[in-house]
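Asker: Any chance you can model this:
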Amino acid sequence: MKNGYVERRRYLDFIKPFIGNENAKVLIGIRRSGKSTILRMIADEILQQNPDANIIWIDFERLEFRHIQNLDSLYEYVKKRCRDDVGNYLFIDEVQDVDRWELTIRSLISERICEIFLTGSNSKLLSSEYTTYIGGRYNSMAVRPLSFSECISFLEERGVKSDIGDAFEKFVKIGGFPSLWLLDYPLDSAYSALTDIYTVIVSKDLVGRYGIRNIELLERIVKFLCDNIGKETSLNNVYEELSKEYGDVSRATVYDYVRFLENSFMFSRVNFDNIAGKKLLRPNYKFYLADIGLKHALLGYDKDDVSWHLENIVFLEMLNRGYRVTAGKIGDGEIDFIGDRRGERIYIQVTYMLSTNETVRREFGNLEAIPDQYPKYVVGQDPHWEDGHSVRGVIYRDVRAFLLDPGW
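Answerer: Prediction:
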């Protein structure tokens, strides 16, 4: 374990080419996903190349920085600590806590007195209303909880020998928030820690940021979306289901709360494409969690939902590998995921078991109906199916091997 943390190399490799280009480097993602540690990794990399570098560090989760609340106090603090004789590097953790931070960052970029690295836990950090002020002078990177391969690396760094099957079972049950893989938490303690993470997200990124008053409604929406991971829905469906329970509930409020949850990176929305090329008339989509462990902490672990858990995990892995992800319709069939990445395309169906002929026909048949030659996979965890087995060009992959395979 280097410098007290486990390196997440792919993030460092992504950001290294941008160091020195004078743009602000912005890491965005759900709270506790490891953004602060990645900032430390970047700072250590800079110091390794330039030991005399002046590192200016601002962490808004620490009380010593509570006096920095607006653009003026932020600007004054940074200017006082910049030096003329060395390179200056500014690291700000959770910059959205500063009122009108973007104006200070714009000025610092213009003055070229320091190189800037930021983190934020709200997707609006890079919305047009903010980036207009920065004038496009930024490079962004999404940070997510650990992938399965990163969890294995964390175990290895700690000297823990673990069977791949056992590690994956743990991953499915507790998810990938880094803090949960630095120690051996009992399951109850892990869920308690996940509940604490959820509470911080609600209090800081939702209630505090948007002034949400109906917290009960917000939490009911969270649980509804958790309970319907991977299932086709719409905002209207969410509203109708909640109005049955609450009666007098505002449609606009429900829509706003869902949007706030997406802004906080807790949920991602996946749209549908019609593979046959015809326009889809229904504005339906699917929701996935930033970390499947949150669902279990809030609703309890349900082994009957394993297919949905695997689907959520595969979706996040596709994002980690740089795919733009949609779902697909072909005739009456559904394709769980279509991934596009720099001209490459991949189709994936996710299922836990292929226990019946009907399931086999559905999962493989939907992919066989796609009239192109891009890779097509059925991903599952059925011990009766061999990883790599091909059925008329559609390849079955064991989910554990698939997640650890760098070749797709």
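Asker: Check what pLDDT residue 275 gets.
Answerer: Model confidence at residue 275, given as pLDDT, is 83.
Asker: Skipping adjacent residues, who's closest to it in space?
Answerer: residue 330 (4.4 Å; CB to CB, 6 or more residues apart in numbering). (Glycine included, C-beta is placed from N, CA and C.)
Asker: tell me the pLDDT at that neighbour?
Answerer: So residue 330 comes in at 89 (pLDDT).
Asker: cool, and the one 10 residues further on?
Answerer: For residue 340, the model assigns a pLDDT of 97.
Asker: That one: what's it in contact with?
Answerer: By CB atoms under 8 Å, 6 or more residues apart in numbering, the contact set of residue 340 is 323-324, 326.
Asker: do that again at 10 Å, thanks
Answerer: Counting by CB atoms under 10 Å, 6 or more residues apart in numbering, residue 340 makes contact with 273, 318, 322-326, 346, 374.
Asker: which of the residues you listed sit farthest apart?
Answerer: The largest separation in the contacts of residue 340, counting by CB to CB, is between 273 and 322 at 18.2 Å.
Asker: With neighbour numbers in mind, choose between the two.
Answerer: Set side by side, residue 273 and residue 322 show more neighbours around residue 273, with 16 against 13, by other CB atoms under 10 Å.
Asker: which residues of the stretch 51-200 of the chain score low on pLDDT?
Answerer: Filtered on pLDDT under 70, the stretch 51-200 of the chain yields the residue ranges 126-133, 135.
Asker: again with the stretch 251-400 of the chain
Answerer: 277-282.
Asker: can you tell me the helix or strand for residue 328?
Answerer: Using DSSP states H and E, residue 328 sits within strand 324-330.
Asker: contacting residues for the residue located most distally from the centre of the chain?
Answerer: Within the chain, the residue lying farthest from the chain centre (CA atoms, centre = their mean) is residue 85, at 39.2 Å. Neighbouring residues of residue 85 by CB under 10 Å, 6+ apart: 52, 54.
Asker: Kindly indicate whether it is helix, strand or coil.
Answerer: Secondary structure assignment for residue 85 (DSSP: H, G, I helix; E, B strand; the rest coil): coil.
Asker: Look up how far residue 57 lies from it.
Answerer: Separation of residue 85 from residue 57 (CB to CB, to the nearest Å): 19 Å.
Asker: got the residue ranges for the helices in the stretch 151-300 of the chain?
Answerer: In the stretch 151-300 of the chain, helices defined by DSSP state H, counting those that start in this stretch lie at 164-174, 187-200, 208-210, 215-227, 235-246, 251-263, 292-299, listed in chain order.
Asker: Rebuild those helices as JSON lines, extending it with mean neighbour count and distance to residue 27.
Answerer: As requested, the helices of the stretch 151-300 of the chain are exported to JSON lines (neighbours: other CB atoms under 10 Å; distance: least, CB to CB, whole Å):
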{"stretch": "helix 164-174", "mean neighbour count": "17", "distance to residue 27": "23"}
{"stretch": "helix 187-200", "mean neighbour count": "16", "distance to residue 27": "18"}
{"stretch": "helix 208-210", "mean neighbour count": "15", "distance to residue 27": "18"}
{"stretch": "helix 215-227", "mean neighbour count": "18", "distance to residue 27": "24"}
{"stretch": "helix 235-246", "mean neighbour count": "15", "distance to residue 27": "29"}
{"stretch": "helix 251-263", "mean neighbour count": "18", "distance to residue 27": "16"}
{"stretch": "helix 292-299", "mean neighbour count": "22", "distance to residue 27": "20"}
